[in-house]
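task: produce atomic coordinates for the following.
(one chain, ligands or ions: 1)
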Amino acid sequence: MDIGLIGLGNMGFPMAARLRETGHRLVVFDARAESIDRAVALGAAAATSPADVADRAETVLTSLPTPQAALEVATGGEGIIHGSRVRRVVELSTIGPHTARQLSTLLADRGIAMLDCPVSGGVAGARHGTLALMASGPADEYAAATPLLETLGRPYLVATEPGAGQTMKLINNLMAAATLAVTAEVMVMGVKAGLDPSVMIDVLNAGSGATHASRDKFPRSVLPRTFDFGFATGLMTKDVRLYLEEAAKLGTPTELAETVARSWEATTESEGPDSDFTSIVKPFEASAGV
Ligand code: NAD
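Numbers count the residues shown, from 1 in each chain. Sure, this is the predicted structure:
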């Protein structure tokens, strides 16, 4: 049985590779023809639109950048809803709870089930099948999708209402956004004080200041100055904005999140939305003169 996959970017492409390696037949689509060609080279079949994917697969996975792209792919003129075979959509993108609920209703109107299922673990997690998958949706749909989700990582059923997976993901990403920002800030302070950044990272990782930023993002992309971790600054900024929107609706405190957001907005402005998110260190360096 073919699995559909729409969105072959930093996350979608390594997921395609992982699914092919584990013996899945794939039918794929992306707005960029060259991304489809790369997946075809892995043995995936090319589709001509989201509707074409949905004509050829019962289960369609989507890994798209923004809420707008997710809505367009699902419900646009050539969207998934126009497919004849599709029975369920597994929405792997980070789109926020509001859009996830909206999408779930629009799909349900066409008899298509949706599992809201954003992921965490980055490009490496997608490539090696070690993602955290934060599912929410009908329990029977979760049970049916679990073997497929286990190919991609460790699935959790966060709750049975769509949108809850997104809420969990926004919480996770605010933590990731905050720790990367604060790691950038303190590393710049240490460098200005004359400390060696590699020694600092080793000590942080042996001590209580260790975070995913110090353990993985700095050693892999900041210290070697490659800035190629595989997540765009603009997308992390989107996630922080979505977190703030949800917290505002709930009336929970956002004092720290707002400070974190300012840092991400400034990085999007100075480094560009397509820069790698590890570039957040650069505005701190510029302002410290190091
Ligand atoms: P990306 O920008 O690298 O990839 C998105 C892909 O979607 C691109 O190939 C693009 O061409 C395609 N696309 C955009 N609009 C389309 C449309 N209308 N029709 C068909 N294809 C379209 O983004 P990414 O980093 O792969 O992230 C995908 C999603 O996963 C985002 O919601 C992101 O927030 C989330 N996410 C990313 C990471 C990461 O580390 N990169 C980790 C966890 C979650």
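
which element is the residue lying closest to residue 265 once chain neighbours are set aside on?
Spatial nearest neighbour of residue 265, chain neighbours left out: residue 237 (6.2 Å); criterion: CB to CB, 6 or more residues apart in numbering. C-betas here are computed from N, CA, C, even on glycine. Applying DSSP states H and E as the criterion places residue 237 in helix 233-250.

next one: residue 133
strand 131-136.

what's near enough to touch the closest residue to the ligand within the stretch 101-250 of the chain?
Residue nearest to the ligand within the stretch 101-250 of the chain (CB to the nearest ligand atom): residue 231, separated by 3.5 Å. Residues near residue 231 by CB atoms under 8 Å, 6 or more residues apart in numbering: 10, 122, 123, 276, 277.

equivalent analysis for residue 32, please.
residue 8.

one step back: tell me what the strand holding residue 133 is packed against?
Here strand 131-136 touches strand 113-116, strand 119-120, helix 139-152, strand 153-159, helix 164-192, going by 3 or more CB pairs under 8 Å, 6 or more residues apart in numbering; DSSP states H and E.

the second one and the ligand, any residue contact?
Right, the one you point to is strand 119-120. Yes - applying CB under 6 Å from any ligand atom, one finds strand 119-120 in contact with the ligand at 119, 120.

swap in the longest one?
No - looking at helix 164-192 against the ligand by CB under 6 Å from any ligand atom, there are no contacts, and the closest approach is 7.5 Å.

give the buried residues for that helix.
164-170, 172-174, 176-184, 187-188, 190-191 (16 or more other CB atoms under 10 Å).

that helix: what's the following helix or strand?
Per DSSP H and E, the first helix or strand lying C-terminal to helix 164-192 is helix 197-206.

name the residues that touch that next one?
Contacts for helix 197-206 (CB under 8 Å, 6+ apart): 183, 187, 190, 191, 210, 211, 214, 215, 218, 219, 223.

the same query, at a cut-off of 7 Å, please.
Counting contacts by CB atoms under 7 Å, 6 or more residues apart in numbering, the residues outside helix 197-206 that touch it are 187, 190, 191, 210, 214, 215, 218, 219, 223.
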